[in-house]
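A.B. asks: I would like the atomic coordinates for the input below:
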Amino acid sequence: MRTPRPPIHGLMAEFLHAQEVLGAAHRAYEHGYRCLDAYSPYPVHGLAEAIGFRRNRLPLIVFIGGLSGTLTAYLMQYWSGVIDYPLNVGGRPYHSWPSFIPITFELTVLFAAFAAVLGMLGLNGLPRPHHPVFHIPDFAMASRNRFFLVVQAVDERFDREQTRQFLEGLAPHAIFEVPW
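C.D. replies: A predicted model of the protein is given here:
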């Protein structure tokens, strides 16, 4: 059973400097908020860790993709060269594994690359043509010189008034309600 969607996406605090949003993210995480998101015009060292982002599953997805490519290529060549249509070419054995290496390598790279792209899109929830933060006109400054911290409404600790008071205590430039 699906949980009902909250009336708003969350509350967004706007900051003027990178160190402010980094400090705010640390304090929000220490205060118990776990569904956080941060936006900045350039990478801020430590911001991902401050909002609780530790590791993702993409390396595992790429490894499984590469492994499936390896197995697919090797077994396909083994089946066709040894079982289905064995040909004795120049006296070599039917199962001549050195001749299987180039195709096996190529399919390993191909499957791993596809797994990386599709895994990245899936883990990022893409394609997503519209995000709720785009409703806030000031969010356009996130690509220039502003920094934003969003506490999402799906967070267990989220209460509209208490979260607003908490964000006001972080001294942001502005606070916005992000509608769906």
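
A.B. asks: how near is the most centrally placed residue in the chain to T70?
C.D. replies: In the chain, the residue lying closest to the centroid (CA atoms, centre = their mean) is N124, at 4.0 Å. Using CB to CB, to the nearest Å, N124 is found at 26 Å from T70. For every residue, glycine as well, the C-beta is placed using N, CA and C.

A.B. asks: can you list the residues that contact stretch 82-90?
C.D. replies: G81, Y94, H95 (CB atoms under 8 Å, 6 or more residues apart in numbering).

A.B. asks: ok, now which ones touch the last one?
C.D. replies: With contacts taken as CB under 8 Å, 6+ apart, H95 has the following neighbours: Y78, G81, V82.

A.B. asks: Just the buried positions in the strand or helix carrying A113, please.
C.D. replies: Per DSSP states H and E, A113 falls inside helix 97-123. Buried residues in helix 97-123, counted by 16 or more other CB atoms under 10 Å: F100, T104, L107, T108, F111, A112, A115, A116, G119.

A.B. asks: Which pLDDT value belongs to G66?
C.D. replies: Looking at G66, its pLDDT is 98.

A.B. asks: That one touches A116, doesn't it?
C.D. replies: No: applying CB atoms under 8 Å as the test, G66 and A116 come out as separate, 9.2 Å apart.
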